[in-house]
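1. Quick one, fold the following:
(2 chains)
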Amino acid sequence: MIWAKEETLPRVEIEAIQLERLKETVHYIYERVEPYRRKMDEAGVKPEDIESLDDLKKMPFTYKSDFRDHYPMGLFAVDKKELVRFHASSGTTGKPTVVGYTQNDLDMWLNNVARIACMGGATPEDVAQIAFGYGTFTGALGLHGGLEKLGASVIPMSSGNTKKQIMFMQDIGTTLLVATPSYALHLGEEIRARGLDPEKDLNVHIGLFGGEGMTEPMRDEMHKVWGEGFLCTQNYGMSELCGPGVAGECEKLCGMHINEDWFIAEVINPETGERLPAGERGELVITCLGKEALPLVRYRTGDLTRLFYEPCECGRTTARMENLSGRADDMLVIRGVNVFPTQIEEVLLQIPEIGPHYEIVVERKNRLDVMTISVELVDDRLLDSYGKLSELEQRIAKGLKAQLGLATRIKLVAPHSLQRFEGKAKRVTDLRKDGL
Amino acid sequence: MIRQLSVFVENRPGSLMEITSLLSEAHVNIRAVATFDTPEFGILRLVVDKPAEAKGYLTERGYVVSIHEVMGVELEDKKGNLNQMLAILAEGELNINYIYSFVIREEKAPVMVFNTDDYKKAAQILKGADVKIVEESDL
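-> Predicted coordinates for the structure are as follows:
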């Protein structure tokens, strides 16, 4: 099923919509958002200079750091009283990235999510269990609202509590699971460990996955655990852009269809900022169209991908983005949560008993991400007792939990035992292979 | 009271040897040694003849070292003697955080050192029971 006619328009018509909305957006931000106006003036671009889609490349980029520099609402284009919703995601340092929605923004967002759910096989008959963490993250409430818009019934389970997840699946008859792919694998294995066969004993036959990338080996594994008939697709979004609903896979599994009437996608060389032709790999840059509260032009997502414009067998004509193939920056995705090493560093620097050097190792154990942070002990007063050392470990873990919203393992090591770097430090070792 | 060195060590092959070889380089004589294992790190506790010099030498070479005082008690070398001393402390409701014994005493009686939260009370109780407390100068 295809949710909106905009998904099947001829290329020229999609581009006509994009151009009209782009012009409006550029005027809108120039008039209403001071940091944009300043950037445009510095770059010598006026709203009138944007006369074609190609002219978009004249516009300056927007970075995640702009959210930090204008925290909390400096990039907003409307007054706070016009908003109906806030969300927040992790920032590059201590302050979160705060986003806001007007009623129109919310409607547009959830319609886009309904399209994505539809692409992934959801219907109004489905019972959808949302196993994303609720809270300020956009994932859970985005899918929640989009699936309701579609007419499905929603179980707002949140993440974790495997026993209860399985109980609801059995007792209510869940047909659709929303989760990170790694959590879906973990859950499937837990179900099998309880002697149940998901294919025979449960009704779950659709998975809508996001929050982290799903590799093809993960998808194969998903079929082994959940059954061959399990239709699992992934979708793409980030809170700055609206949340989920930017792009999603259809049942043909040949890339994620971008909701192009609301988002213009470009791929650039992350070093030079130069736009790359279709089919070449680079950093994804997204311009949001028609957003009222938080317009965003040429946002550097940091995600590496390729774009394809050929129409899909499913009937959609919108551009497709390939599965993500990494990051242009050092962001990590841990259990679906974005983590920047700078956030970790900020916490560690506030603890005087340890030195400024650290190392991060990320592994996947039992399908779940485990992050271990090694830090050097420098304060000799703690050698009094093990109690003081373990209190220190707990204090570091607690600080990180408050900052990242994630549990971490802390490893105290001797001073000078961690590697020193001249120039750019390589502090992160990611041992996850193909996400398995 | 006896001064004790505490050194942070990682739980990996050779980490203790690195410390003992540095101490021998510095002509420091080890009189008592103890370590307790945890999965990732340990605290090596040592009684040495020159604690301040030993700390300086190790600290310069990047180790985290501290000096604490522990209580030393001389035992008679006969059955039940350690038990007797521990019973005295238990009766006084003193908690022993850790305890270890000297490596070599030549011809002298064995010495146990221990850590507790209340040394004043420990000294009182032990003296009251006629247990000999050893000072650094006695070693």
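
2. helix/strand/coil for the closest residue to A:R335 other than its chain neighbours?
-> Nearest non-adjacent residue to A:R335, counting by CB to CB, 6 or more residues apart in numbering or on different chains: A:D369, 5.0 Å away. C-beta here means a position set from N, CA and C on the backbone, and glycine is covered the same way. Here A:D369 is recorded as strand under DSSP: H, G, I helix; E, B strand; the rest coil.

3. quick one: pLDDT of A:D369?
-> On the pLDDT scale, A:D369 is placed at 94.

4. A:P47 now?
-> In this model, A:P47 is scored at 97, pLDDT.

5. which bits of the stretch 301-436 of chain A sit near chain B?
-> Counting by CB under 8 Å from any CB of the partner chain, the stretch 301-436 of chain A comes close to chain B at A:377-381, A:383-386, A:389, A:411-417.

6. about what we covered before: what's the spacing between the residue nearest to A:R335 and A:L400?
-> From A:D369 across to A:L400, the span is 14 Å (CB to CB, to the nearest Å).

7. Only whichever of the residues of the stretch 301-436 of chain A next to chain B are buried, select them in PyMOL.
-> In PyMOL, this line selects whichever of these come out buried by 16 or more other CB atoms under 10 Å in any protein chain shown:
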select buried, chain A and resi 377+378+379+380+383+385+386+389+411+412+413+414+415
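
8. Please narrow the residues of the stretch 301-436 of chain A next to chain B to those residing in helices.
-> Residues of those located in helices (DSSP state H): A:386, A:389.

9. picking that back up, residues touching the residue nearest to A:R335, list them.
-> Applying CB atoms under 8 Å, 6 or more residues apart in numbering or on different chains, one finds that A:D369 lies in contact with A:182, A:334-335, A:362-363, A:432.

10. so the closest residue to B:A123 other than its chain neighbours, which of the three states?
-> Spatially, and ignoring its direct neighbours in sequence, B:A123 is nearest to B:I133 (6.2 Å; CB to CB, 6+ apart). When classified by three-state DSSP, B:I133 comes out as strand.

11. B:I133 against B:L126, yeah?
-> Yes: taking CB atoms under 8 Å as the definition, B:I133 is a contact partner of B:L126 at 5.8 Å.

12. Find me the pLDDT at the residue nearest to B:A123, would you?
-> Looking at B:I133, its pLDDT is 91.

13. Number of residues surrounding it?
-> By the criterion of other CB atoms under 10 Å in any protein chain shown, B:I133 has 16 neighbours.

14. Show the contacting residues for it.
-> Neighbour list for B:I133: B:71-74, B:123, B:126-127 [criterion: CB under 8 Å, 6+ apart].

15. Pick the one among the residues you listed closest to A:K163.
-> Comparing the contacts of B:I133 against A:K163 with CB to CB places B:M71 closest, at 51.1 Å.

16. Ends of stretch A:126-140, what's the gap?
-> Start-to-end span of stretch A:126-140 (CA to CA, to the nearest Å) is 17 Å.

17. Just the buried residues of the longest strand seen in chain A, please?
-> Counting residues, the longest strand in chain A under DSSP state E turns out to be strand A:354-365. Neighbour counts over strand A:354-365 (16+ other CB under 10 Å) mark A:354-355, A:357-362, A:364 as buried.

18. What of stretch A:293-306?
-> A:293-306.

19. repeat for stretch A:229-248
-> A:230-248.

20. same deal with stretch A:29-41?
-> If you call a residue buried by 16+ other CB under 10 Å, then stretch A:29-41 has these buried ones: A:29-30, A:33, A:36, A:39-40.

21. what's the answer for stretch A:152-163, then?
-> By neighbour count on 16+ other CB under 10 Å, the buried set for stretch A:152-163 is A:152, A:154-155, A:157, A:159, A:162.

22. go on, stretch A:336-354?
-> For stretch A:336-354, burial by neighbour count (16+ other CB under 10 Å) applies to A:336-341, A:343-348, A:353-354.

23. Just the endpoints, please. Distance across it?
-> Distance across stretch A:336-354, first residue to last, is 29 Å (CA to CA).

24. again, but for stretch A:321-340
-> Chord length of stretch A:321-340, first to last residue, is 24 Å (CA to CA).

25. quick check, distance from that stretch to the centre of its chain.
-> Mean-position distance between stretch A:321-340 and its chain equals 8 Å (CA atoms, centre = their mean, to the nearest Å).

26. Tell me how many other residues crowd A:L400.
-> When neighbours are counted by other CB under 10 Å, A:L400 registers 22.

27. isn't it right up against A:I344?
-> Yes: using CB under 8 Å, A:L400 is in contact with A:I344, at 6.5 Å.
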